[in-house]
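Asker: need a 3D model of the sequence below.
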Amino acid sequence: MKRLIIYALLASTPTAATAQETLTLQQCRERAIENNRQMEIARVTARKTESDVRTYKANFLPKISAQGGYLVAPDKMSADIEGGYLPTFVPGADGTLQPNIAGTDAAGNPIFKEYAYFPGLDMTFDLNNTFSAGVRLEQPIYMGGKISAAYRMAKVGREIAEQNTTLTRAQVVAEADKAYWNCVCANEMLIAANKMKEVIDELRRNVADAYELGLRMQTDVLKVNVKFNEADLMVRRATNAVSLSRMNLCHVIGLPLDADIRVAETFSTDSIASAVADQSIDISARPEYGILEKQVELKEYEKKLAQSDFRPEVGLMASYNYTNGVKMNNEKLFDEASFAAMISVSIPLFHWGEGSHKQRSAAAEQNIMKLRRLDLNEQMTLEATQALNQLDEALLEARMTARSLAEAEENMRISKDNHDVGMETLANYLEAQTMWQKAYAEWISAMARLRNSETEFLRTTGRLQ
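Answerer: Next up is the predicted model:
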């Protein structure tokens, strides 16, 4: 009974194997974008730059902070002032106080008419349990353009991060396209190898039957067997290529390497045309172009930031504080609040030319970036032109190999018919099969190059989505 229950549970448990999944090119692109680590890095970088923009924007606003302190001092402090007689003063004719002198003694010391008696003073200070609390506000009024330059630099950095995300996306899509079409190419090669094996296997059986009837020589049987072994090896190689290309596609789109998938597209000779309708060359849509433009703009703000270090700075600070404590002879001295405000001004006067040198350095960096932009723009234009030429050549090659394949198929059909009626030698028929196999492989390779060339042209013109 226990065994029956266990078998029932095992039968009802889903197995690790999953049904084969057919993926289109667009689905592979989406999965690659979703699972690629470089895309995730680009997205995190974009979020970081957004935080940087908000951080620098906060510098325009006042900063408010609270502060406080509490003093624990159990030991009291004391001070004794000794008492004694003090001289007196009286108003003079000019309204000032004059010493109230009656005369002098034998030594010439003044003798005052009257003296005041100071009995002395004993003081005790108690600092224990003294506390203070307050609020301070700081507001930059003018910082020489430093805050605005830093804020604009952060915004440009955010735009560069967005362009970099687009660039990474295009690179990931291009990689997914290449892996996808390589998988399609491997599948087509396997189909061609199987077709070739079927044709040679049929020929092998016919030659073997003819040899049994004495109509064929043993050398013919050996020739066909050698050709069949070659076809069998070709099928094995094509099978391995399919497996490897499928694993590579799984790696690119973020699936386990042993995932059971297949591609939806196939190659067809019916109508060969480029999927790229607009073949104009315009690199302004490339993310690299936008990044270069933003880098030049960034250098402009860096120059302004260098200038701001040698301009006047004006700031405002205001505080409101409350203090309680400090007793003298058990009488509390502080139990009140106070308000204070201050405007600070800093004007750089002379720094031995440091400011002008920094500004010249920043201007030189900006000029370098402009020259680099011109150079890279020309390189991108050359790259796009080369990609267009390769696309045109790949399209022509695909059409030519398709015609060659059709001619090779017709040649093999005629050769088979002639061989079946004894009008064609075995060697010629085998040669016709070899020509067909070569034409088929060349056509498949040409179609794969055509699809990859389309992807590359779209990438170099900034239109790969």
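
Asker: I'd assumed residue 147 was in contact with residue 60.
Answerer: Yes. Taking contacts as CB atoms under 8 Å, residue 60 lies within contact range of residue 147: 6.1 Å. C-beta coordinates here come from the backbone N, C-alpha and C atoms, glycine included.

Asker: got any residues that touch both of those two?
Answerer: Common contact partners of residue 60 and residue 147 (CB atoms under 8 Å, 6 or more residues apart in numbering): residue 140.

Asker: higher neighbour count, those two?
Answerer: More crowded of residue 60 and residue 147, by other CB atoms under 10 Å: residue 147, with 18 against 11.

Asker: show me where the stretch 251-400 of the chain has its helices.
Answerer: Under the criterion DSSP state H, counting those that start in this stretch, helices of the stretch 251-400 of the chain are mapped to 287-308, 354-420.

Asker: among the ones you listed, which is the most enclosed?
Answerer: helix 287-308 (a mean of 19; mean count of other CB atoms under 10 Å).

Asker: quick one: low-confidence ranges for the stretch 351-465 of the chain?
Answerer: Within the stretch 351-465 of the chain, no stretch has pLDDT under 70.

Asker: any weak-confidence spans in this protein?
Answerer: 1-19.

Asker: okay, now the domains of it?
Answerer: What automatic domain parsing lists as the domains of the chain is 18-61+144-311+353-460, 70-82+127-142+316-347, 84-119.

Asker: ok now the longest one, how far from the chain's centre?
Answerer: Here the centre of mass of C-alpha atoms in domain 18-61+144-311+353-460, compared against the chain's by CA atoms, centre = their mean, to the nearest Å, lies 22 Å away.

Asker: now swap in the second one and tell me
Answerer: Mean C-alpha position of domain 70-82+127-142+316-347 versus that of the full chain (CA atoms, centre = their mean) differs by 50 Å.

Asker: hmm, who's touching stretch 200-210?
Answerer: So stretch 200-210 is contacted by 216, 220, 221, 224, 225, 227, 228, 231, 426, 429, 433 (CB under 8 Å, 6+ apart).

Asker: and if we set it to 6 Å?
Answerer: Here stretch 200-210 makes contact (CB atoms under 6 Å, 6 or more residues apart in numbering) with 216, 220, 221, 224, 227, 228, 231.

Asker: just stretch 165-182 next, same as before
Answerer: Here stretch 165-182 makes contact (CB under 6 Å, 6+ apart) with 25, 28-29, 32-33, 36, 38-39, 42, 46, 245, 248-249, 252, 287, 448, 451-452, 455, 459, 464.

Asker: hmm, which of those residues are the buried ones?
Answerer: Taking 16 or more other CB atoms under 10 Å as the criterion, what is buried in the contacts of stretch 165-182 is 25, 28-29, 32-33, 36, 39, 42, 46, 245, 248-249, 252, 287, 448, 451-452, 455, 459, 464.

Asker: of the residues you listed, which belong to strands?
Answerer: Assigned to strands by DSSP state E, none of those qualify.

Asker: buried sites along the host helix or strand of residue 457?
Answerer: Secondary structure from DSSP states H and E places residue 457 in helix 426-460. Residues of helix 426-460 classed as buried: 426, 429-430, 432-433, 435-437, 439-460 (neighbour count, 16+ other CB under 10 Å).

Asker: follow-up on the earlier one: what's the closest of the helices of the stretch 251-400 of the chain to residue 102?
Answerer: helix 354-420 (70.4 Å; CB to CB).
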